[in-house]
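Asks: With the input below, show me the fold.
(2 chains)
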Amino acid sequence: MPNAKLNVPYPCNEPILAYGAGSDEKKILKAQIEEMKSEELEIPLIIGGKEVKTGELGECRIPHDHAHRLGKYHKAGKKEIEMAIEAALKARKEWSEMAWEDRVAVFLRAAELLSTKYRPILNAATMLTQSKNVFQAEIDSACELIDFFRFNSYYAMQIYERQPNSSRGIWNTLEHRGLEGFIFAVTPFNFTSIAGNLPSAPTIMGNVSLWKPASSSVYSAYYLMKLFKEAGLPDGVINFIPGSGAKVGVPVMKSPYLAGIHFTGSTNTFQNMWKTVGDNIRSYKTYPRIVGETGGKDFVFAHSSVNAKALQTALIRGAFEYQGQKCSAASRSYIPESVWTELKDDLLEETKNLKMGTVEDFTNFVNAVIDKSAFDSITSYIDFAKKSEDAEILVGGNYDDSEGYFIEPTIILTSNPHFKTIEEEIFGPVLTVYIYPDEKYEETLHLCDKTSSYALTGAIFADDREAIVKAKEILRHAAGNFYVNDKPTGAVVGQQPFGGSRASGTNDKAGDMVNLLRWVSPRTIKENFNPPIDYRYPFMNEK
Amino acid sequence: MKITRDMWMEEILEKFPISQDFLSKQGIVCVRCGEPVWGSLEELMKDKGFSEEEIDENIIQLNKYVEENEGKAQKQKKVIDYEKI
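Replies: Numbering: from 1, shown residues only, chains lettered A, B, ... in the order given. Sure thing, here's the model as predicted:
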């Protein structure tokens, strides 16, 4: 609509459905789960809107029932990557030149579809293929992704509104162009919302994407492609190329048309990608924008003035929800001696009683970890702690992968503030606790700051305001998302922009305007309504 | 030799999952954020500061470890009593 200045509807966070006993949403979701379990999908690549099958197959299995296969997916190879780059570049011209209101409308429609028809589909897919309980799925694959679509659309409008000042006879304007090339989106298994956001956020700003989802969440990612299609996204704007990380990633990153990387995953992989970009820097048409959110060794720090019940709840939810497989999960805690005496028995008892099992049984709080490799990696840390003289397993420590990849929520107590499990990211349901003398509060804050190379999330629990102020000061660079008397997980789009620094990433805050600004290359245009007609300046008229 | 220096970590873990036990003891990160890390075994070992000779020796030992342990129960698992919790 050329003759109107439009406003994007002001976004509100999507309400979380409760899935209470007997509720309609619960009945619909349960039926959807059963339907998905009763059939096996064959998932193709989607390049330029067309389904492509390579015959090189991977499998989608249910982590809490790994004998059950939900589907097979085709893996991309060199040829398909070339096809995807070509398709993206072909779609780019029309998409980048489309009126921004029309691009945004696709994602507002996607939000509406996800809020209604696709809600049970994406939630069921996420529950089954990523082993998330209903609440964890609802806040992720439904609410957070809807929020990403709506808030990003609104922020896009705000970015386009940003215009420079103009002096008399001059009109200065900024055109926020999409980048010249394609964006490579590499998404993690643990959040369907991030899987949907990483390829789509740049496209809202007029870019095109190649999208490699994590191998363990291809199933839910495929349904996101269906959602984009139904919302009206033109063919080729997002190209779906699941496959082996390195096999897909290296040739994509060597393309001269790589204009950006939007990544969430491990620090090692991100550093590897950055190195590949550096090695190829002379060959690119434009300097690729690199945006990454990686690991964390997130902390909960308690002061002696803490409310012990609030601390206990934060530790359990922060460390063990979604089996600790959140970048933001609490995995280390510093607790003063006086509080530990009060807290210990209740915390251990509550942790012991956390109910673990399948996602189909809605009474379970804890489900399975994502796959065999993750199971082996996490349990190797538990085994290490069992054998160590510096540590004691206070609760949990058992695991079983006979039917599903189950690991008990585990709390390790260590007397060594540099013990392996308090320094390294485990990405599982393992919390390491270090007890400090009450009078060494500041000293221990410094210890917390220096213990890990990461700086993603962290929390301080205290009633004493001076203690809070001190923690905020000493831990200023220890977390990109810092919480006071709340757990370090569960950032909400539009409320707590998410991302960390140091080894945790580039801190380009997902779901915020800051992130969208990375996907545009502004062009400044100065127009002179009355251009000078003589090169001489007035000062030149007299000696 | 089953595992070679040019193999990618994802491929190694897919074909020889037991490798993770050996490699993690050498300080080689195999899995992070639930995903195999990108890069070949050689690249990952070089990042860790291993010399050419050390890489060769470690790969020989890795293959030996895989041969000896493949097919065996990989972990002593305590079956969790779900009824109790």
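Asks: what about residue 32, neighbour count?
Replies: Just going to use chain A. By the criterion of other Cβ atoms under 10 Å in any protein chain shown, residue A:32 has 19 neighbours. Glycine gets a C-beta too; all of them are placed from N, C-alpha and C.
Asks: Switch to chain B, please.
Replies: The tally of other residues near residue B:32 (other Cβ under 10 Å) stands at 22.
Asks: What sits closest to it if chain neighbours are left out?
Replies: Closest residue in space to residue B:32, ignoring its immediate chain neighbours: residue A:266 at 3.1 Å, by Cβ to Cβ, 6 or more residues apart in numbering or on different chains.
Asks: distance of that neighbour from residue A:296?
Replies: 11 Å (Cβ to Cβ, to the nearest Å).
Asks: follow-up on the earlier one: do you know the pLDDT at the residue nearest to residue B:32?
Replies: You'll see residue A:266 listed with a pLDDT of 91.
Asks: Next, give phi and psi for it.
Replies: Residue A:266 adopts backbone torsions of phi -80, psi 150, taken as degrees, to the nearest 10.
Asks: Go ahead and confirm it touches residue B:36.
Replies: No. Under the criterion of Cβ atoms under 8 Å, residue A:266 is not in contact with residue B:36, lying 9.1 Å apart.
Asks: Now do the same contact list for residue B:38.
Replies: Going by Cβ atoms under 8 Å, 6 or more residues apart in numbering or on different chains, residue B:38 touches A:245-246, A:249-250, A:268-269, A:272-273, B:8-10.
Asks: thinking again about what came up before, look at residue A:266 and residue A:296 and report which has more neighbours.
Replies: Ranked by neighbour count (other Cβ under 10 Å), residue A:266 and residue A:296 place residue A:296 first, with 32 against 26.
Asks: Mind telling me what element that one is part of?
Replies: For residue A:296, there is no host helix or strand (DSSP states H and E).
Asks: And it, what's its pLDDT?
Replies: 96.
Asks: same deal with residue B:80?
Replies: 64.
Asks: Around chain B, pick out the residues from the stretch 201-350 of chain A.
Replies: Neighbours of chain B within the stretch 201-350 of chain A, by Cβ under 8 Å from any Cβ of the partner chain: A:214-216, A:244-247, A:249-250, A:265-269, A:272-273, A:294-295, A:325, A:327.
Asks: Share the number of residues neighbouring residue A:303, please.
Replies: Using other Cβ under 10 Å, residue A:303 has 24 neighbouring residues.
Asks: Could you do residue A:382 as well?
Replies: Neighbours of residue A:382 (other Cβ under 10 Å): 22.
Asks: where do the strands sit along the stretch 401-543 of chain A?
Replies: A:406-407, A:410-414, A:430-436, A:454-455, A:457-461, A:481-484, A:501-502, A:520-528 (DSSP state E, counting those that start in this stretch).
Asks: Oh, that last question was meant for the stretch 101-250 of chain A, not what I typed.
Replies: A:170-178, A:182-186, A:209-212, A:238-240.
Asks: Can you add mean neighbour count and mean pLDDT and give those back as CSV?
Replies: What follows is the strands of the stretch 101-250 of chain A, written out as CSV (neighbours: other Cβ atoms under 10 Å in any protein chain shown; pLDDT from 0 to 100):
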stretch, mean neighbour count, mean pLDDT
strand A:170-178, 15, 98
strand A:182-186, 28, 98
strand A:209-212, 26, 98
strand A:238-240, 28, 98
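Asks: so where's the chain shaky on pLDDT?
Replies: You didn't say which chain, so I picked chain A. Applying pLDDT under 70 to chain A flags residues A:1.
Asks: my question was about chain B
Replies: In chain B, residues with pLDDT under 70: B:1, B:72-85.
Asks: May I ask you to name the longest helix in it?
Replies: In chain B, assigned by DSSP state H, the helix with the most residues is helix B:52-69.
Asks: Residues in contact with that one: which ones?
Replies: B:1-5, B:16, B:18-19, B:21-23, B:26, B:41-42, B:45-46, B:50.
Asks: if you look at these, which of them are in helices?
Replies: Per DSSP H, the contacts of helix B:52-69 map to helices at B:19, B:21-23, B:41-42, B:45-46.
Asks: Considering only these, which also neighbour chain A?
Replies: Answer for those near chain A (Cβ under 8 Å from any Cβ): residue B:21.
Asks: Between which two of the ones in helices among the contacts of helix B:52-69 is the distance greatest?
Replies: B:21 and B:46 (21.4 Å; Cβ to Cβ).
Asks: Tell me the spacing between residue B:27 and chain A.
Replies: Separation of residue B:27 from chain A (Cβ to the nearest Cβ, to the nearest Å) stands at 11 Å.
Asks: That residue touches residue B:48, doesn't it?
Replies: Yes. Applying Cβ under 8 Å, one finds residue B:27 in contact with residue B:48, separated by 5.8 Å.
Asks: These two - which one has more neighbours?
Replies: For residue B:27 and residue B:48, the more surrounded residue by other Cβ under 10 Å is residue B:48, and the numbers stand at 15 against 10.
Asks: Report the contact partners of the residue of the stretch 251-400 of chain A found nearest chain B.
Replies: In the stretch 251-400 of chain A, no residue comes nearer to chain B than residue A:266, which is 3.1 Å away by Cβ to the nearest Cβ. Residue A:266 is in contact with A:294-295, B:29, B:32-33, B:35, B:37, counting by Cβ under 8 Å, 6+ apart.
Asks: Now the buried members of those residues.
Replies: Buried subset of these (neighbour count, 16 or more other Cβ atoms under 10 Å in any protein chain shown): A:294-295, B:29, B:32-33, B:35, B:37.
Asks: what would those residues look like in CSV with distance to residue A:344 and secondary structure?
Replies: Below are these laid out as CSV (distance: Cβ to Cβ, whole Å; DSSP: H, G, I helix; E, B strand; the rest coil):
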residue, distance to residue A:344, secondary structure
A:294, 33, coil
A:295, 29, coil
B:29, 33, coil
B:32, 31, strand
B:33, 31, coil
B:35, 35, strand
B:37, 37, coil
